[in-house]
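J.: Provide a 3D model corresponding to the input given below.
(chains A, B and C)
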Amino acid sequence: MEKGFDSSSNCITIKIKDFSMLHTFESAQPLTFYADYNKDKNTIKYASASGKLAMLVDLKEDGNTATMSAYGSDGEALYSELKTRFRLKDNMQKIYKSIDKDENISKAISRYRGMRLTINDPWETTLCFIISQFNNVKRIRLIVKNIVDRFGSALECSDGSVINTFPTSRQIMQATDAELRRLGTGFRSKYITSAAEFCTNNMDLYKLSPNNYEKLKSRLMEIDGVGEKVADCIALMGYGNLNAFPTDVWIKRTMEKLYFDGKKTRLFDIHEFAKDYWGKYAGYAQQYLFHDARTSKAKR
DNA sequence: ACCCAGGCGGGCG
DNA sequence: CGCCCGCATGGG
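T.: Residues are numbered from 1 along each chain as shown, chains lettered A, B, ... in the order given. You can find the predicted model right below:
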């Protein structure tokens, strides 16, 4: 990984190996970055709820090396954020070697080489994955965008462009139920307002210990509307717990087909299997299987 | 028309 | 506990 900061243009440029923008974003995993993601131009505009990070990312891929350019006044802070959020320190060769246990994973790795997990703001991740329940990716993206457009605050970037920040839990608290429903949230509206209140007044997501997976997950499940699957998504994609193994309908079907002889299997047994089989990088195995399942289904 | 989507809480046995 | 149901909404 190489980096350079140009202080006249406030632009940081990082070269990264084993990074695929396309697969990372098409895998429908970094939901919080979707509000202004341009697939054709390979750009992201994003501003965090905390207001600490605004980024315009322009990413070019060339083989297995990507060049990421982002803008911000503080080069070191920007570098630190990008490093965290795009998991730039992950040694993909080591991770691949660790999870590459069979032909299923092997194929997925070769198809989507460079696909990364990302780490996003815990509150934003919570909101996105509450919306995700009993929903589909296309609609989730639309609803998230509606919410960012409606409840975020306008923020002017160093290049003069304006981005809406992701709304804070406090901003979402102001929303009426009817308003949220109008943005497409449907029956999830009550979970959204309740989670916003709870995360503003009762549970500080930024103070939860990120490393104790079991404890983190049980704390997250105290939020109304957050069950086991959504808690696993937040643990993995909001706090970076790579051992989490979110098991949605796609993963459940895939796991039953590939590892349980096509038999209907309890969530508990799937989790135990994933833990034994893939260990500390189970989250990555999950993401490759998930994307592969969805992509091959779409082609059929 | 019918089925499905990155599930969850509640109710019942 | 495990199982089953309803739930908004839009696309295939």
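J.: can I get the helix or strand of chain A with the lowest mean pLDDT as CSV, trimmed to CA atoms?
T.: For chain A, using mean pLDDT, DSSP states H and E, the weakest element among its helices and strands is strand A:54-62, scoring a mean of 84. Output for strand A:54-62, consisting of C-alpha atoms alone and laid out as CSV, is shown next (Å, rounded to 0.1, in the frame of the first residue of the first chain):
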residue,chain,number,x,y,z
ALA,A,54,-16.9,13.7,4.4
MET,A,55,-15.5,12.0,1.5
LEU,A,56,-15.5,12.1,-2.2
VAL,A,57,-13.9,9.0,-3.4
ASP,A,58,-12.8,8.4,-6.9
LEU,A,59,-11.6,4.8,-7.4
LYS,A,60,-9.9,3.3,-10.4
GLU,A,61,-9.1,-0.4,-10.8
ASP,A,62,-6.3,-1.8,-12.8
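J.: how far off centre is whichever strand or helix holds residue A:172?
T.: With elements taken from DSSP states H and E, the one containing residue A:172 is helix A:169-173. With CA atoms, centre = their mean, to the nearest Å as the basis, the distance from the averaged C-alpha position of helix A:169-173 to the chain average is 20 Å.
J.: the helix or strand following it near DNA strand B anywhere?
T.: Toward the C-terminal end, the helix or strand that comes next after helix A:169-173 (DSSP H and E) is helix A:177-182. No. Using CB under 7 Å from any atom of the strand, we find that helix A:177-182 stays clear of DNA strand B, coming within 14.9 Å at best. Just so you know, the C-beta spots here come from the backbone N, C-alpha and C atoms, and that holds for glycine as well.
J.: now do the buried residues in helix A:177-182.
T.: Of the residues in helix A:177-182, those with enough neighbours to count as buried (16 or more other CB atoms under 10 Å) are A:180, A:181.
J.: tell me what the helix or strand just after that helix is packed against?
T.: Past helix A:177-182, heading to the C-terminal end, the next element that is a helix or strand (DSSP H and E) is helix A:189-201. For helix A:189-201, the packing partners by 3 or more CB pairs under 8 Å, 6 or more residues apart in numbering; DSSP states H and E come out as helix A:122-132, helix A:169-173, helix A:177-182.
J.: no further questions, thank you.
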